[in-house]
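K.L.:
What would the 3D arrangement of this be:
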Amino acid sequence: MATAEIFPWQRVIWQQARQSGSAQRHHALLLKGRRGIGKLGFALALAKSILCGQGDAAGVACGKCQDCYWFEQGLHPNFRLLEPEALSAQEGATDKDDEENRREAGSTKSGRKPSQQISIAQIRALDDFIYLSAHQARDKVVLIHPAEAMNTAAANALLKKLEEPPPEVLFILVTHNVSLIPPTVLSRCRQTAMPGPDHEMAKDWLIHQGITDPDFHLAMSGFSPLLALQYDERLAASHTDFIQCLCAPERFDPIELAEKLHKLDLSSVTGWLQKWCYDLMSCRTSGRVRYHLKQVAVIRQQAAVIDPVAFGFLWRNLIASQQLARHPLNPRLFLEAMLLTYMDSIRPAGSAG
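P.N.:
Got it, this is the predicted structure:
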């Protein structure tokens, strides 16, 4: 389980939440914001503080009592965390040093791939927990992360519980994309927009975490500090090679590049191309480059000759590709198709197809 933590950029909203008593007055809270800014850590800290019997004046859990010990061990009888099976497996692998164990986390004991969804069975399994008496007659907390991972049946099952909320139970929903949550569920939740840090605060925090090149890590993670902290250095060499290929379109070979990259995490590779294309479009329209500051000259040169219409098609294709990247039928063919579409799109405007 992730760590309960209140990050520096969350201190104001934490104080506001605790002073207003919003967690006590509402049966369902929804924390929304972009990925990688610490929403889950904040939600866990909130749950921990509610379950702790000896919190301080700021509402922060003491970290010393029996309740805090149970919570930190993932064993608190009054707390439930609902996540997709795949996310739970990934978090378990993060704590392991063995590379083989990391690979095994990508499949269940039965050999099938872990589910990316929160199922109706997981929601129904809450019935005994929320409707029976709590341990020591205390509050109970259900944390759902990310809420958009609920399939339709699961969301409908949760809605029934939110429409007739059981007493002394708080639901905390965390979402990276609120537009994917059914409006009926949203209407039953108190929504809180979670803040992210400004660039300097994010840099300072990463330096404190031991990151020596925070600007690069932030750029490669979409300026999300937690994603920047988790930036996989093992992918750095492949990423550098990928950027070098993009910088030399005359030597760009989609088939050869797909062969080199198909064993990597496809979401990461797709994200690399999205960031590159974002900079090309941004440079074309506003003259600004956001991610690839070391390649500004190359990006300006390429942006000046691309066909905006073809590039618009490419961008829509990349959005669709990101949604498919986690479960392609054939990783090599997936990359070949994406890179071939990119190659067609970077031809100078007005050139023959």
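K.L.:
Dihedrals phi and psi, Ile144?
P.N.:
Taking degrees, to the nearest 10, you get phi -120, psi 120 for the backbone angles of Ile144.
K.L.:
Give me the three-state assignment for Gln191.
P.N.:
Put simply, Gln191 is strand when judged by DSSP: H, G, I helix; E, B strand; the rest coil.
K.L.:
Just the pLDDT for it.
P.N.:
pLDDT, Gln191: 96.
K.L.:
ok, now Pro114?
P.N.:
Pro114 is assigned 83 on the pLDDT scale.
K.L.:
now it: how far from Ala149?
P.N.:
According to Cβ to Cβ, to the nearest Å, Pro114 stands 12 Å off from Ala149. Placement of C-beta: from N, CA and C, glycine included.
K.L.:
what is in contact with the two at once?
P.N.:
Common contacts of Pro114 and Ala149 (Cβ atoms under 8 Å, 6 or more residues apart in numbering): Pro84.
K.L.:
Who has more neighbours out of these two?
P.N.:
Counted by other Cβ atoms under 10 Å, Pro114 and Ala149 do not tie: Ala149 has more neighbours, with 24 against 15.
K.L.:
wait, what's in contact with the more buried one?
P.N.:
Counting by Cβ under 8 Å, 6+ apart, Ala149 has contacts Glu83, Pro84, Leu87, Gln116, Gln117, Ile118.
K.L.:
Around the third one, how many other residues sit close by?
P.N.:
Spelled out, that is Leu87. Neighbourhood size, Leu87 [other Cβ under 10 Å]: 17.
K.L.:
Point out where the chain drops to low pLDDT.
P.N.:
In the predicted model, the chain carries pLDDT under 70 at residues 20-25, 90-112, 133-137, 234, 348-353.
K.L.:
next structured bit after the longest helix anywhere in the chain?
P.N.:
If you go by DSSP state H, the chain has its longest helix at helix 266-286. Using DSSP states H and E, the helix or strand that follows helix 266-286 in sequence is helix 296-303.
K.L.:
Which secondary structure elements does the next helix-or-strand element following that following helix sit against?
P.N.:
The helix or strand immediately downstream of helix 296-303 is helix 308-324, counting by DSSP H and E. Packing contacts for helix 308-324, counted by 3 or more Cβ pairs under 8 Å, 6 or more residues apart in numbering; DSSP states H and E, involve helix 266-286, helix 331-345.
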